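Colleague: okay, sequence plus prediction incoming.
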Amino acid sequence: MSGIQIIGMGHAVPSVCVTNADMKKIVDTSDEWIRTRTGIRERRFCGEGESLATLAVRAAAEAIDSSGIRKEQIRLVITATVTPDYQVPSTSCLIQEKLQLPSGIPAFDINAACSGFVYGLSLVQALLPENEFALLIGAEQLSRMLDFSDRSTAVLFGDGAAAAVLQKKAGVPFYSHLAAGGNRSALWAASAPANRLPAWQNAEAQAERKEQSGGKPEDTGTYRIHMDGRSVFRFAVRALSEELREMEKQSGIPAEKVDQIVCHQANQRILDYVRKERGLPEEKFFRNLDRYGNTSGASIPLALYDLWNEGKLEPGTRVFCIGFGAGLTWAGACLTF
Ligand code: UT7
C-alpha cells in the first residue's frame, strides 16, 4: 500500500488578537457565555496588510522550509478555503505564483468548509504519484464574513492558516472517508440577493457607478454567515461519532489505541460529548479552539501544526483527523507520521 505522510508543516496566525473581553465591546455578549458555551477565549483577525492569501503563502513557505525539500519538487497544490481573496484565480494559483512553485503542475482550491483539509488529504492520496510531494493548505479569513449584529455567530469564528507538505510513500498506511448531505439552511453564507441580479439587467447603472468610482472594480456584495446553531450542533455530534467509528473500522485501530484524535475545532462541548460517550481521556482530543476559535478549513491543520511544533507527532504516531461543517460535509482520515 502507498500512502501519504506529512513531512513538513507551517502556519500563519494573523496579527490581531481579539479576546472575549474585546468582543464584548462590539457584540452583546460576555466572556462567561462564550467560554462556557464554546470553550473559546480569543480568536485572531487579519489586520493591516493581511488577507487570506498572505496567510496561506506564509504557512506554505514555512511548510516547505520545514520539510527539507526544494520548492521545485512540489508536484501538486491544493488549498481548502471558503474565504478566498479572489473568485479567480484560486488561492493555490496565487501561492504558486508568489512562491514560484513549478509551472505545469495541478493547483486548485476546494470548498468543503470545515471538512476541507480532510477532503484535501484524500485528494492528495488520489492524485499524487508515488515518491512525489504535494502542498496542502487550509486557510480562512472568516472575519470578512461575520455579521456583528448576530451574536450567536460573530463570537465563534477566527482567521488563520496552516499548511502541510506531504509525500506519497510505499508502505505508509493511509485511510480516509468523505461524505456530504446537502443542506443549505443549517449553515450558509451568500451575498445580498440584490447583488445577485444578472449584470445585464442593470448594465447602465453599473456603468454609472464605475464612472463615479473612477473606474474601480465594483464590490459585488458581501457574504455573511448564517447558522442554525442547535441543528448544526446535533449534526456535528453525530458526524464526529460516526466518523470516529468509520476510522476505527478502516484502520483497525480502536480509538483507545490511536495516539491523537484531531477534530474540527468548532465547540468544546461537541468534542466533550463524543469523548465522554466513548469514555476516552481528555488528552486524546487535541484542542486549541480556546486560542483560535472556529477557523473552518484551517482548524484541523492548525491543530496538527501545534502538535507538530510540540514534538508530539514523532515517527510512528497515528492520528485520526475528523472534520464536519457546512454543506453539510463530514470526513475522516487516518495519518501515520
Ligand atoms: O464549523 C461548522 C460547525 N459548527 C458548529 O459545529 C457549531 C455548532 N453549534 C454550536 O456550537 C452552538 O449551537 C452555539 C455555540 C452556536 C450556540 O450555543 P447553544 O448552547 O446552542 O446556544 P443557543 O443558540 O441555544 O442560545 C442559548 C441562549 C439564547 O438566549 P435565550 O433565548 O435562551 O434567552 C441566545 O440568545 O444564548 C443566547 N446567546 C448568547 N448570549 C450571549 C447566543 N449567542 C450569545 C452570545 N452571548 N454570543
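Modeller: Ah, there it is.

Colleague: burial count for the residue of the stretch 101-250 of the chain found nearest the ligand?
Modeller: Residue of the stretch 101-250 of the chain nearest the ligand, by C-beta to the nearest ligand atom: G229 (2.9 Å). Every C-beta, even on glycine, is put in place using the N, C-alpha and C of the backbone. As a burial measure, G229 scores 15 neighbours (other C-beta atoms under 10 Å).

Colleague: contacts only, for it.
Modeller: With C-beta atoms under 8 Å, 6 or more residues apart in numbering as the criterion, the residues that contact G229 are S152, T153.

Colleague: assign the spatially most central residue of the chain to helix, strand or coil.
Modeller: Against the mean C-alpha coordinate of the chain, by C-alpha atoms, centre = their mean, the closest residue is G297 at 1.1 Å. Recorded secondary structure, G297: helix (DSSP: H, G, I helix; E, B strand; the rest coil).

Colleague: gap between it and K257?
Modeller: 28 Å (C-beta to C-beta, to the nearest Å).

Colleague: and what of T29?
Modeller: For T29, the distance to K257 - C-beta to C-beta - is 40 Å.

Colleague: which one of these two is surrounded by more residues?
Modeller: T29 (17 against 10).

Colleague: tell me if the more buried one really is in a helix.
Modeller: No. Assessed with three-state DSSP, T29 is coil; it does not lie in a helix.

Colleague: got the contact list for it?
Modeller: N20, M23, R151, A154, V155.

Colleague: by neighbours, which of those wins?
Modeller: Neighbour max across these (other C-beta under 10 Å) = V155, 26 neighbours.

Colleague: part of a strand, is E242?
Modeller: No. Counting by three-state DSSP, E242 is located in no strand; its state is helix.

Colleague: what sits closest to it if chain neighbours are left out?
Modeller: W330 (7.6 Å; C-beta to C-beta, 6 or more residues apart in numbering).

Colleague: name the element that neighbour belongs to?
Modeller: For W330, the element it lies in under DSSP states H and E is strand 327-336.

Colleague: quick one: distance of that strand to the chain centre.
Modeller: 12 Å (C-alpha atoms, centre = their mean, to the nearest Å).

Colleague: other SSEs contacting that strand?
Modeller: strand 2-12, helix 116-127, strand 175-183, helix 229-251, strand 318-325 (3 or more C-beta pairs under 8 Å, 6 or more residues apart in numbering; DSSP states H and E).

Colleague: change it to 6 Å
Modeller: helix 116-127, strand 175-183, helix 229-251, strand 318-325 (3 or more C-beta pairs under 6 Å, 6 or more residues apart in numbering; DSSP states H and E).

Colleague: next helix or strand past the longest one?
Modeller: Spelled out, it's helix 229-251. strand 260-263.

Colleague: which single residue of the stretch 1-150 of the chain ends up nearest the ligand?
Modeller: T29 (3.3 Å).

Colleague: and the helix or strand harbouring I95, what other elements does it pack with?
Modeller: Taking DSSP H and E as the definition, one finds I95 inside helix 91-98. In terms of contacts (3+ C-beta pairs under 6 Å, 6+ apart), helix 91-98 is packed against helix 52-67, strand 74-80, strand 107-110.

Colleague: if you set the cut-off to 10 Å instead, what comes out?
Modeller: Counting by 3 or more C-beta pairs under 10 Å, 6 or more residues apart in numbering; DSSP states H and E, the packing neighbours recorded for helix 91-98 are helix 52-67, strand 74-80, strand 107-110, strand 133-141.

Colleague: can you add distance to L121 and give those back as a markdown table?
Modeller: Converted to a markdown table, the helices and strands packed on helix 91-98 look like this (distance: least, C-beta to C-beta, whole Å):
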| stretch | distance to L121 |
| --- | --- |
| helix 52-67 | 14 |
| strand 74-80 | 9 |
| strand 107-110 | 11 |
| strand 133-141 | 7 |
